[in-house]
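In: Kindly generate the corresponding structure for this input.
(chains A and B)
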Amino acid sequence: MQLQYFLILAAALFCIGIYGLITSRNAIRVLMSIELLLNAVNLNLMAFSNFLDSQAIKGQVFTVFVITVAAAEAAVGLAIVLAIYRNRDTIDMEQFNLLKW
Amino acid sequence: MNIAQGVQIVSFGILAAMMIGAALGVVLLSNIVYSAFLLAGVFISIAGMYLLLNADFVATAQVLIYVGAVNVLILFAIMLVNKREDFAPMRNAWVRPTLTAIVSLGLFALLSTMVLATPWMYSTGVTPGNNSIIAIGQHFFSDFLLPFELASVLLLMAMVGAIILARREFLPDQIISPRQEQPALTLPERPRELISVAGDRTSNLSKDKQARGNS
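Out: Numbering: from 1, shown residues only, chains lettered A, B, ... in the order given. Here you go, the predicted structure:
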């Protein structure tokens, strides 16, 4: 197995995540796209940890930290989506223009 | 990993096809419940990738946390905001997907050429192999001790913040006077007014809500 396969696969997953992040109008789908981005980064870290740093596997430690932060982000993000849905009665991202002047 | 090279390549191909197909389904399908279940497929295939990369502990954590916690949380959020709404059409709706597709493909081409052109310095040495959990534990309690503790504080803060954000607002004067009789099985909460932004529809909704609150 080669390192390049994993890196190209992670790049493809990252690009799919960016496409979904920008084009989707449902707020929950935006959060799912952010999860895709974080998983692409995790795959990169794990590939580097296995192929370039196989004695002290620091990439796996970083991946555990990224998983922790992703779990916290999902909880807070979904709570924000619920609060906005309760206020505005929609989950359309185009209607969330509270900070636009 | 004690698997032959051919088996590794075949399983990598299967997992990669699963992952890319499910990720495209997450982004492109119109029904969001299908997207949530395909997201579980993405997470599971990434856990398989971690097994190919000699990381059994992180693969287990991936399945437990992502498939078990995050995906179930997303499904619950879909259930709570279950509203079949047709989004209002925008002017020039084709511009954004087209531009984003061009930018994403360009980014993918850039990353691919960078990955293929870089001479990677492969490490040669004995790997921890199946003892990776021991190495991770030693890292956590020696040189990554401060980030490890900060992660626990971050999880606590996220939990408190999520509860406060998702809860409805309390009515403070009802807390001050506890003698006031509450009807059974209701929380002392203030009925929220909807912000009137979208014209007639929203004001009708708030009128509805007021009528229901008065009755």
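In: Any chance you could give me the host helix or strand of B:L146 in PDB, C-alpha atoms only?
Out: Following DSSP states H and E, one finds B:L146 within helix B:145-166. Provided in PDB are the C-alpha atoms of helix B:145-166 (Å, rounded to 0.1, in the frame of the first residue of the first chain):
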ATOM      1  CA  LEU B 145      -1.100  15.600  29.200                       C
ATOM      2  CA  LEU B 146      -2.200  19.300  29.100                       C
ATOM      3  CA  PRO B 147      -4.200  18.900  25.800                       C
ATOM      4  CA  PHE B 148      -5.700  15.700  27.200                       C
ATOM      5  CA  GLU B 149      -7.000  17.600  30.300                       C
ATOM      6  CA  LEU B 150      -8.100  20.600  28.200                       C
ATOM      7  CA  ALA B 151     -10.100  18.200  26.000                       C
ATOM      8  CA  SER B 152     -12.000  17.100  29.000                       C
ATOM      9  CA  VAL B 153     -12.700  20.700  30.000                       C
ATOM     10  CA  LEU B 154     -13.800  21.400  26.400                       C
ATOM     11  CA  LEU B 155     -16.300  18.500  26.500                       C
ATOM     12  CA  LEU B 156     -17.800  19.700  29.700                       C
ATOM     13  CA  MET B 157     -18.100  23.200  28.300                       C
ATOM     14  CA  ALA B 158     -19.700  21.900  25.100                       C
ATOM     15  CA  MET B 159     -22.200  19.900  27.200                       C
ATOM     16  CA  VAL B 160     -23.200  22.800  29.300                       C
ATOM     17  CA  GLY B 161     -23.400  25.100  26.300                       C
ATOM     18  CA  ALA B 162     -25.500  22.700  24.300                       C
ATOM     19  CA  ILE B 163     -28.000  22.300  27.200                       C
ATOM     20  CA  ILE B 164     -28.300  26.100  27.600                       C
ATOM     21  CA  LEU B 165     -28.700  26.800  23.900                       C
ATOM     22  CA  ALA B 166     -31.300  24.100  23.300                       C
END
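In: Are that helix and chain A in contact anywhere?
Out: Yes: using CB under 8 Å from any CB of the partner chain, helix B:145-166 reaches chain A at B:147, B:151, B:154-155, B:157-159, B:161-163, B:165-166. Heads up, the C-betas are built off the backbone N, CA and C, glycines and all.
In: what residue ranges in chain A score low on pLDDT?
Out: Filtered on pLDDT under 70, chain A yields the residue ranges A:1, A:101.
In: Sketch out the helices for chain A, chain order is fine.
Out: Taking DSSP state H as the test, the helices found in chain A are A:3-23, A:27-51, A:58-88.
In: quick revisit: buried residues, the helix holding B:L146. List them.
Out: Neighbour-count burial for helix B:145-166, counted by 16 or more other CB atoms under 10 Å in any protein chain shown, picks out B:147, B:151, B:154, B:158, B:162, B:165-166.
In: ditto for stretch B:60-78
Out: B:61-63, B:65-67, B:70-71, B:73-75, B:77-78.
In: Distance-wise, check A:L78 relative to chain B.
Out: 4 Å (CB to the nearest CB, to the nearest Å).
In: Count the neighbours of that residue for me.
Out: For A:L78, the neighbour count with other CB atoms under 10 Å in any protein chain shown is 24.
In: Does it touch A:M32 like I think?
Out: No: applying CB atoms under 8 Å, one finds A:L78 not in contact with A:M32, separated by 10.6 Å.
In: Find the residues that touch each one of these two.
Out: B:I74 (CB atoms under 8 Å, 6 or more residues apart in numbering or on different chains).
In: Shouldn't B:R91 be within a helix?
Out: No: looking at B:R91 with DSSP: H, G, I helix; E, B strand; the rest coil, it is coil, so not inside a helix.
In: And it, what's its pLDDT?
Out: If you check B:R91, the pLDDT there is 78.
In: count of neighbours near it?
Out: B:R91, neighbours per other CB under 10 Å, totals 5.
In: got the residue ranges for the strands in chain B?
Out: With DSSP state E, there are no strands along chain B.
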